[in-house]
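Q: what follows is a predicted protein model with its sequence.
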Amino acid sequence: SQQGEEDPQALSIQEGENATMNCSYKTSINNLQWYRQNSGRGLVHLILIRSNEREKHSGRLRVTLDTSKKSSSLLITASRAADTASYFCAFHGSGNTGKLIFGQGTTLQVKP
Amino acid sequence: DAGVIQSPRHEVTEMGQEVTLRCKPISGHDYLFWYRQTMMRGLELLIYFNNNVPIDDSGMPEDRFSAKMPNASFSTLKIQPSEPRDSAVYFCASSFGGHGGELFFGEGSRLTVL
């Protein structure tokens, strides 16, 4: 399967703590994206990191990419209850097609 | 822009019935994707279009599934006949430029086949 693998599958933390989610993939990529999904809603794009970038920030989000290890991580700092959602990494499969493949996701619960 | 619009949001039908899901992508986007989400299999890409032309339908489960995009502002995903194992949330997404572009998702159509 070309799907990405994410860990942990589920994460429960207290408000104010940091949350780290990891994604591994098997193909070569042009970029890697992270999406968020609130319960019962569609996915929303959070951040994109290109294959020639190692780290990217957006507000309380920090994404790293290690192409040698074929892995990425998403760090949410100073988490809030509103960050409770599922988070997915996504990447284009081999062959540089338009096909965006999603990982299985990490379900994050932030307790107030 | 109103974003990607999907209808219906919820559909409950009986096994054997035809189901048609609809999608209106964001104006100006040239890629349209249909995904299916289940607890067991996660998000699966069923088919995607570029400029209204199907590019990759390798994810379509079987011949009971078909998708069309008659014009740049409308797409349908049809299941005929439906089966209980088709129960899932079906998402439509669109993007501009394809390779590497971010996808904009609709709110999904939750299908329950009894």
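A: Thanks, I have it.
Q: all contacts plus neighbour counts: C-alpha atoms, from now on.
A: Will do.
Q: could you tell me which residues of chain A lie near chain B?
A: Applying C-alpha under 8 Å from any C-alpha of the partner chain, we find that chain A lies next to chain B at A:30-31, A:33, A:40-45, A:48, A:91-92, A:96-105.
Q: where does A:Ile13 sit: helix, strand or coil?
A: strand (DSSP: H, G, I helix; E, B strand; the rest coil).
Q: and it, what is it in contact with?
A: A:Ala19, A:Leu108, A:Gln109, A:Val110, A:Lys111 (C-alpha atoms under 8 Å, 6 or more residues apart in numbering or on different chains).
Q: closest to chain B out of these?
A: Checking these against chain B by C-alpha to the nearest C-alpha gives A:Leu108 as the nearest, at 15.7 Å.
Q: ok, what's across the strand from the closest one?
A: A:Leu11, A:Ala85 (DSSP bridges).
Q: next, count neighbours for it.
A: Close neighbours of A:Leu108, defined as other C-alpha atoms under 10 Å in any protein chain shown, add up to 21.
Q: does it touch A:Ala81 like I think?
A: No - counting by C-alpha atoms under 8 Å, A:Leu108 stays clear of A:Ala81, with 9.8 Å between them.
Q: ok, back up a step: can you lay out the contacts of A:Ile13 as JSON lines showing distance to B:Glu14?
A: Converted to JSON lines, those look like this (distance: C-alpha to C-alpha, whole Å):
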{"residue": "A:Ala19", "distance to B:Glu14": "42"}
{"residue": "A:Leu108", "distance to B:Glu14": "35"}
{"residue": "A:Gln109", "distance to B:Glu14": "35"}
{"residue": "A:Val110", "distance to B:Glu14": "38"}
{"residue": "A:Lys111", "distance to B:Glu14": "40"}
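Q: tell me the two of those that are most distant?
A: A:Ala19 and A:Lys111 (12.1 Å; C-alpha to C-alpha).
Q: if you count what's nearby, which of the two comes out ahead?
A: When A:Ala19 and A:Lys111 are compared for neighbours, A:Ala19 comes out ahead with 21 against 16, by other C-alpha under 10 Å.
Q: partner residues bridging that one?
A: Counting by DSSP bridges, A:Ala19 forms beta bridges with A:Ile76.
Q: returning to that earlier point: dump the contacts of A:Ile13 into TSV; add pLDDT as well.
A: Output for the contacts of A:Ile13, formatted as TSV (pLDDT from 0 to 100):
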residue	pLDDT
A:Ala19	97
A:Leu108	97
A:Gln109	98
A:Val110	97
A:Lys111	96
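Q: list just the nearest of those to B:Lys24.
A: Distances from these to B:Lys24 were compared by C-alpha to C-alpha; the smallest belongs to A:Leu108, at 30.5 Å.
Q: low-confidence ranges, chain A, go.
A: Where chain A drops to pLDDT under 70, the residues are A:1-3, A:93-97.
Q: geometrically speaking, which residue is the centre of chain B?
A: By C-alpha atoms, centre = their mean, chain B has its centre lying nearest to B:Trp34, at 3.2 Å.
Q: once you drop chain neighbours, what's closest to that residue?
A: The shortest distance from B:Trp34 to any non-neighbouring residue, by C-alpha to C-alpha, 6 or more residues apart in numbering or on different chains, is to B:Cys92 (4.6 Å).
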